[in-house]
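Visitor: A predicted structure for the sequence below; I have some questions about it.
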Amino acid sequence: MIKTLRQVFKLVVDFEYVRTNPTRNIDYLSSESPEGFHAWTMDEVEALGKKHKVGTKARLALAAMLYYAELGVAASAQNPFSTMPG
């Protein structure tokens, strides 16, 4: 997130909306996983579904995660700007 904020503040400094970039001196947080987030396998999703029955908060969270992830994929596929050149 700090990378994104640095880029945003670089832009607003360039456009002279602010004088200095307050994100310039912020250190990056160290990560225990330099590869990023672990992607769940279908076996892990199924195991969680078996452990937490329908009606539990954990199962609701799993359903919401899967549902909204699918919506994001569908939305990006429908986005006319995602196929524009350049």
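Guide: Cool, got the structure.
Visitor: can you pull out the strands in the chain?
Guide: Here the chain has no strands by DSSP state E.
Visitor: Residue 14: neighbour count?
Guide: 9 (other Cβ atoms under 10 Å). (Glycine included, C-beta is placed from N, CA and C.)
Visitor: Then the one 10 residues further on?
Guide: The local packing of residue 24 (other Cβ under 10 Å) involves 10 other residues.
Visitor: Now do the contacts for it.
Guide: Shown in contact with residue 24 (Cβ atoms under 8 Å, 6 or more residues apart in numbering): 6, 9.
Visitor: and what of the one 10 residues further on?
Guide: With contact taken as Cβ under 8 Å, 6+ apart, residue 34 is in contact with no other residue.
Visitor: Can you report phi and psi for it?
Guide: Phi and psi for residue 34, reported as degrees, to the nearest 10, are phi -70, psi -20.
Visitor: Tell me the spacing between the closest residue in space to residue 29 that isn't next to it in sequence and residue 43.
Guide: Distances taken as Cβ to Cβ, 6 or more residues apart in numbering place residue 2 nearest to residue 29, at 7.9 Å, with adjacent residues excluded. The gap separating residue 2 from residue 43 is 34 Å, by Cβ to Cβ, to the nearest Å.
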